[in-house]
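[1] just need the structure, nothing else, for what follows:
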Amino acid sequence: MANLTAKAIIDRLGLEPLGTEGGYYSRIHLNSTMIETSALGRHSRPTLPLSSVIYYLVTPESFSGLHWLAGEEVWTFILGDPLQQLVLFPRGSGEMRTLGNSLEAGCLPVSVVPPECWQGTRLRSSDGGYGYALCSTVMSPAFDGSDFRMGDGELTKLYPGFANEIRRFLD
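    Residues are numbered from 1 along each chain as shown. As a prediction, this is how the structure comes out:
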């Protein structure tokens, strides 16, 4: 599997650069059922599709920059090198998670990021043998660009205990 390059995955899965956030993605499913969002947090639209699914590829040069989403996002690790995921919760706490397929090394194969959290995901190191990580993510309700914000340096004031980590996910 290590012979499969990031470029080969991009080509085979039809991935495209994900503009502001970073990484490469392809939407593979958009649920046709519409749901009301009034009881689901701070969504911009009154209704959204029930869910959406994407493939998401992280490389050393292109990672998931620190961003905020109104809805829940579930990450599932598929293959590649382990990932570090910073999750900052609304009340000032946070945690660093490791996603991967090495359970014995403490990796999680699935990470659930609750609604209204700041999150960023990047390769744990650039020398893991693959040079990338492929995941899928599911959002419920479906991703909507109006419910997305990129982070900035001001987050270091809100989460001073995570200032160094925050800076790593803003570069």
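[2] show me where this structure has strands.
    16-17, 24-30, 34-36, 47-49, 52-58, 64-69, 72-80, 83-88, 94-99, 110-113, 117-123, 133-140, 148-150 (DSSP state E).
[3] which of these sits closest to residue 158?
    Between residue 158 and the strands of the chain, the shortest gap by Cβ to Cβ is with strand 83-88, which sits at 7.9 Å. All C-beta spots, glycine's among them, are computed from the backbone N, C-alpha and C.
[4] packing partners for the closest one?
    strand 94-99, strand 110-113, strand 117-123, helix 163-168 (3 or more Cβ pairs under 8 Å, 6 or more residues apart in numbering; DSSP states H and E).
[5] run the angle between the first one and strand 133-140 for me.
    I take that to be strand 94-99. 120 degrees (axes from the mean of the first three to the mean of the last three Cα atoms, to 10 degrees).
[6] would you mark the buried spots in strand 94-99?
    Residues 94, 97-99 are the ones in strand 94-99 that count as buried (16 or more other Cβ atoms under 10 Å).
[7] and which of those residues is nearest to residue 77?
    Using Cβ to Cβ, these come closest to residue 77 at residue 99, 4.6 Å.
[8] quick one: that closest one and residue 112 touch, right?
    No: in this structure residue 99 lies outside contact range of residue 112 using Cβ atoms under 8 Å: 11.3 Å.
[9] mutual contacts of these two, please.
    The overlap between the contact sets of residue 99 and residue 112 (Cβ atoms under 8 Å, 6 or more residues apart in numbering) consists of residue 75.
[10] which parts of the longest helix along the chain are buried?
    If you go by DSSP state H, the chain has its longest helix at helix 6-13. Buried residues in helix 6-13, defined by neighbour count with 16+ other Cβ under 10 Å: 6, 9-10.
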